[in-house]
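**Student:** Show me how the following folds:
(chains A, B, C and D)
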There are 2 protein chains.
Amino acid sequence: MKRVSLKDIARLAGVSPSTVSFVLNGKAKQMRISNALAEKIIEVARREGYHPNQVAVSLRTGKSNMLGLIVESMSGNFFASFARVIEVEAAAHGYKVVYASTENQQQKAHELVSILGHQQVDGYIVTPTPGMEEDIRALAESKKPVVLMDSYFPGIDVPHVLVNNYEGVTKGMEHLIEKGYRRIGFVTVDLNLVQMQERLKGYRDSLQKHNISEEHILYVHYDFERERAIAQVSDFISGPPGLDAIFFATNYLGLLGLETIHRLGYKLPDNLAMICFDDHDVFRFYPPGITCIRQPVEEIAKTALELLMSQIGKTNGVTNTKVEISPSLVVRGTS
Amino acid sequence: MKRVSLKDIARLAGVSPSTVSFVLNGKAKQMRISNALAEKIIEVARREGYHPNQVAVSLRTGKSNMLGLIVESMSGNFFASFARVIEVEAAAHGYKVVYASTENQQQKAHELVSILGHQQVDGYIVTPTPGMEEDIRALAESKKPVVLMDSYFPGIDVPHVLVNNYEGVTKGMEHLIEKGYRRIGFVTVDLNLVQMQERLKGYRDSLQKHNISEEHILYVHYDFERERAIAQVSDFISGPPGLDAIFFATNYLGLLGLETIHRLGYKLPDNLAMICFDDHDVFRFYPPGITCIRQPVEEIAKTALELLMSQIGKTNGVTNTKVEISPSLVVRGTS
DNA sequence: ATACTTATCTAAATCGATTTTGCAAATTTT
DNA sequence: AAAATTTGCAAAATCGATTTAGATAAGTAT
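**Tutor:** Next up is the predicted model:
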């Protein structure tokens, strides 16, 4: 019941292990193994159901054919879809995916990079969180193939791919303004991430462009418990300015907002227009449908993998290593 | 910039590789390495930032410290949560998770088992799909540690953990009947999976127990396109019997039903009561909230890992290897 | 003083592949 | 026909660990 090894094949075919290796790796010509022998070896290997021991291959070649995927959380919609696409694309290149989620814990993020590193993955796709800056820098300096997604660190020169956050918010804002909304609130999270800054900037610039002077910004503390955050949002919505539209900067905030709005008894979009960055199943189903900025998950994932493969040397011709992908506005009932 | 190997540590400490290995693996006492030397070696290893090459360890020991997780689809809510818990628990046992999704394609499922097998994972957690029966049988026969979840094959004796489907549906039915509903429709999928059979049986037995003779069952074809499925459900709901409640056997069907009901212009729960097997974000948010049977994801995942670890030999004392976990009824607005 | 333990560590085999180098026989060149 | 190549394959080193079976020196018993 033991697995057959290359040595077994060699013995059964009456040749040396090296010959078997050459033949099975397609180097028969190069090593001028006769056709007759090559075919015999292939036949024996097939008959015996031989499959190389990948661990041994990895040890010898230094390549594991595995990629490390580190995301914030697997349970989110975006990351789960992302992971799926990555898995499929990676498989197409002959790679498996080892994944791990940081669950927004800095220490865990740190450990993960370290552990996966020693697990010798051939490359990383990482959704960076604030605490990982030094880890990413270390990876980059040690010449490990890395691609960041969804965010990046301005100070570190690492390939990355993300949605054009500024453009996304701008699209949404243009849409709202065109519809006649003027007192537009913006709910974001107080995490120092470049993508959040871009989104905020999109909001501000859009207002300015249309000579709207009223800025209404709410920063939700990133680790507030749910109820406390809802209270914050509730005050924001029902407070003095009297908002006529609200823009949530992440889908997590959007869901929170949805619950808040529901509790306040507001009617969407009659009492309030709503738009959210990033789509979610709930937004599609929740009547009358939540307008949102949709990230092209598949394109982002494919691009990330392309960037990684080009670093690993599997593909070439990737010139731009800092890719921003345009999101699309999905207009539904709330605007 | 090269990684330090055990040999390097040996050289730097002026001892042999074997000694280093013994010390770092905690076998110093057993091999009677002097304390002084042991401490010195540990210090050198720490100073040089030594971490064993896991590939080499795997090759030598035959253990990869990786588990294969094969699920239907990563993009679903249940599986994503499940994967997260598995990942955390596996890490606690020192295992990484390599995952792959079958996306309901039989051929892919087949390949996955094969590929992961040659990737030498130490064990599998698998959500079986109809086409995988023989693969699972083969795994079991080759004594590979396997745990099935969410479903299983009656003909194959493999440890598994799943929710008690019969009990879940029964709970839901009792609830509906108690609330006074009598013309209850049941929407399921025509896949020959044991869990679907159990759910259907729960429906039937509940009706019978309460002397309700009207059975209204709709089988949605598992790979119907969305619109066609919606049309089917639409006919079912608005058709002759005049249902007053509807039970969806999976959350995918529930979402489909939600859209159908919305299109029909029905009001939940006024025109129709609804309940669904398996929870979903949408069910929580969609007003007035969809009543559902919730699977205890965390418990299922933890149990699955326990079962696997006990096969691998990391833990012991697991007596019952066919675990059914009780689901809970989450009453929301639609019933 | 000789045999027997015991303490402390090392040598070498091994896991299963890949790859560089080697080497005899066949073939070609001069 | 001797020298130089080419052909066709095998030997052996290597990747980086673990582990079995010694080896050496020191201490103990006889």
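
**Student:** Show me which residues of the stretch 51-200 of chain A are close to DNA strand D?
**Tutor:** Proximity of the stretch 51-200 of chain A to DNA strand D, by Cβ under 7 Å from any atom of the strand, involves residues A:56, A:59-60, A:62. Where C-beta positions appear, they are placed from N, C-alpha and C, glycine not excepted.

**Student:** Only the buried subset of the residues you listed, as a ChimeraX command please.
**Tutor:** Buried members of these, defined by 16 or more other Cβ atoms under 10 Å in any protein chain shown, are picked up in ChimeraX with:
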select /A:56,59
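
**Student:** Now render the residues of the stretch 51-200 of chain A next to DNA strand D as a markdown table, adding secondary structure and distance to DNA strand C.
**Tutor:** Formatted as a markdown table, these follow (DSSP: H, G, I helix; E, B strand; the rest coil; distance: Cβ to the nearest atom of the strand, whole Å):
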| residue | secondary structure | distance to DNA strand C |
| --- | --- | --- |
| A:A56 | helix | 3 |
| A:L59 | helix | 4 |
| A:R60 | helix | 4 |
| A:G62 | coil | 9 |
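
**Student:** What segments of the stretch 201-335 of chain A are strands?
**Tutor:** Assigned by DSSP state E, counting those that start in this stretch, the stretch 201-335 of chain A shows strands spanning A:216-220, A:245-248, A:273-277, A:291-294, A:322-325, A:328-330.

**Student:** thinking again about what came up before, out of the residues of the stretch 51-200 of chain A next to DNA strand D, give me the two with the largest separation.
**Tutor:** Maximum pairwise distance among those (Cβ to Cβ): 12.2 Å, between A:A56 and A:G62.

**Student:** Shouldn't A:V161 be within a strand?
**Tutor:** Yes - A:V161: assigned to a strand according to DSSP: H, G, I helix; E, B strand; the rest coil.

**Student:** Averaged pLDDT, stretch A:294-309. What do you get?
**Tutor:** On average, the pLDDT along stretch A:294-309 is 94.

**Student:** next one: stretch A:225-237
**Tutor:** 90.

**Student:** chain center to stretch A:129-141, what's the gap?
**Tutor:** Relative to the mean C-alpha coordinate of its chain, stretch A:129-141 is positioned 16 Å out (Cα atoms, centre = their mean, to the nearest Å).

**Student:** So for chain B, which of the strands of the stretch 201-335 of chain A sits nearest?
**Tutor:** strand A:273-277 (12.7 Å; Cβ to the nearest Cβ).

**Student:** outside of the closest one, which residues touch it?
**Tutor:** The list of residues contacting strand A:273-277 from outside it, by Cβ atoms under 8 Å, 6 or more residues apart in numbering or on different chains, reads A:165, A:168-169, A:172, A:175-176, A:179, A:181, A:199, A:244-251, A:253-254, A:257-258, A:261, A:268, A:283, A:290-293, A:334-335.

**Student:** filter the residues you listed by proximity to chain B?
**Tutor:** Filtering these for proximity to chain B by Cβ under 8 Å from any Cβ of the partner chain leaves A:L258.

**Student:** Could you tell me which of the contacts of strand A:273-277 count as buried?
**Tutor:** Buried among the contacts of strand A:273-277 by 16+ other Cβ under 10 Å: A:165, A:168-169, A:172, A:175-176, A:181, A:199, A:244-251, A:253-254, A:257-258, A:261, A:268, A:283, A:290-293, A:334-335.

**Student:** Among the contacts of strand A:273-277, which are located in helices?
**Tutor:** A:165, A:168-169, A:172, A:175-176, A:199, A:251, A:253-254, A:257-258, A:261, A:283 (DSSP state H).

**Student:** closest point of the stretch 151-300 of chain A to DNA strand C, which residue?
**Tutor:** Nearest to DNA strand C, among the residues of the stretch 151-300 of chain A, is A:P159, at 26.5 Å (Cβ to the nearest atom of the strand).

**Student:** Tell me how many other residues surround that residue.
**Tutor:** 23 (other Cβ atoms under 10 Å in any protein chain shown).

**Student:** and the closest residue to it other than its chain neighbours, what does it touch?
**Tutor:** Nearest non-adjacent residue to A:P159, counting by Cβ to Cβ, 6 or more residues apart in numbering or on different chains: A:T321, 3.8 Å away. With Cβ under 8 Å, 6+ apart as the criterion, the residues that contact A:T321 are A:159-160, A:307.

**Student:** Need phi/psi at A:T321.
**Tutor:** With angles defined as degrees, to the nearest 10, A:T321 sits at phi -100, psi 0.

**Student:** ditto for A:I184
**Tutor:** The phi/psi pair for A:I184 (degrees, to the nearest 10) reads phi -100, psi 120.

**Student:** Return the residues in contact with it.
**Tutor:** Going by Cβ under 8 Å, 6+ apart, A:I184 touches A:173, A:176-177, A:203, A:207, A:212, A:216, A:243-247.

**Student:** per-residue confidence at it?
**Tutor:** On the pLDDT scale, A:I184 is placed at 92.

**Student:** gap between it and A:H175?
**Tutor:** Noted for A:I184: a distance of 11 Å to A:H175, by Cβ to Cβ, to the nearest Å.

**Student:** how long is stretch A:237-247 end to end?
**Tutor:** End-to-end span of stretch A:237-247 (Cα to Cα, to the nearest Å): 11 Å.

**Student:** what about the stretch 51-200 of chain A, any weak spots by pLDDT?
**Tutor:** Applying pLDDT under 70 to the stretch 51-200 of chain A picks out residues A:74-76, A:104-109, A:113-115, A:117-119.
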